[in-house]
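Engineer: Could you look at this predicted model? Sequence included:
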Amino acid sequence: MELTSAHLRYLLAIYEISRTHLDISSRSVAEKLGVTKPSVVRILNLLMERGMIVKEHYGKIYLTDRGLWVAKQVSRELDTIVEHFPPVEGDLTEEERFNAALAMTSALPDRIFTGEYDRLLDSAAESPESENIL
């Protein structure tokens with residue numbers, strides 16, 4: 001299953017919160033996005049299944065290496081799309097422009113965000129040095 005714009009929005013929110021706070025909770029994500037806590041829990045479960053976050057029993061949320069990688073890649077793609085946003089009829093607010101860029105970003109295949117990460121993991125697993133570590 002591809003990441004939707006909602007998944008990316010939540011991942012980016014967690015990434016942004018993690019840049020200023022060590023402890024991330026479902027409530028802090030809900031407040032940042034203006035959504036309910038049950039909505040957050042549903043998306044967090046999906047992000048956990050995708051290996052992008054870890055959620056402790058006591059509720060703290062942490063980005064995995066994969067999640068951090070994907071969040072940075074998504075952020076770069078979003079910045080590029082917003083910077084080169086095509087002209088449209090009528091004026092768009094910053095939020096509308098961001099939402100459109102997010103929709104465009106979510107239409108990209110997952111390999112755009114995870115491909116290089118997966119290749120790095122595969123090559124590390126195949127290298128002779130990694131066999132000595134394990």
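Structural biologist: Sure, I can see it.
Engineer: In the one helix or strand residue 79 maps to, which residues are buried?
Structural biologist: Using DSSP states H and E, residue 79 sits in helix 65-83. Across helix 65-83, burial judged by 16 or more other C-beta atoms under 10 Å covers 66-71, 73-75, 77-78, 81-82. For every residue, glycine as well, the C-beta is placed using N, CA and C.
Engineer: cool, and stretch 44-63?
Structural biologist: The neighbour-count check on stretch 44-63 (16+ other C-beta under 10 Å) flags 44, 46-47, 50, 52-53, 55, 61, 63 as buried.
Engineer: With adjacent residues omitted, what lies nearest to residue 24?
Structural biologist: Residue nearest to residue 24 in three dimensions, not counting chain neighbours: residue 61, with 4.3 Å by C-beta to C-beta, 6 or more residues apart in numbering.
Engineer: who's in contact with the one you found?
Structural biologist: Residue 61 makes contacts with 14, 24-26, 29, 44, 53-55, as judged by C-beta atoms under 8 Å, 6 or more residues apart in numbering.
Engineer: 10 Å instead, please
Structural biologist: 14, 17-18, 23-26, 28-29, 40, 44, 47-48, 53-55, 67 (C-beta atoms under 10 Å, 6 or more residues apart in numbering).
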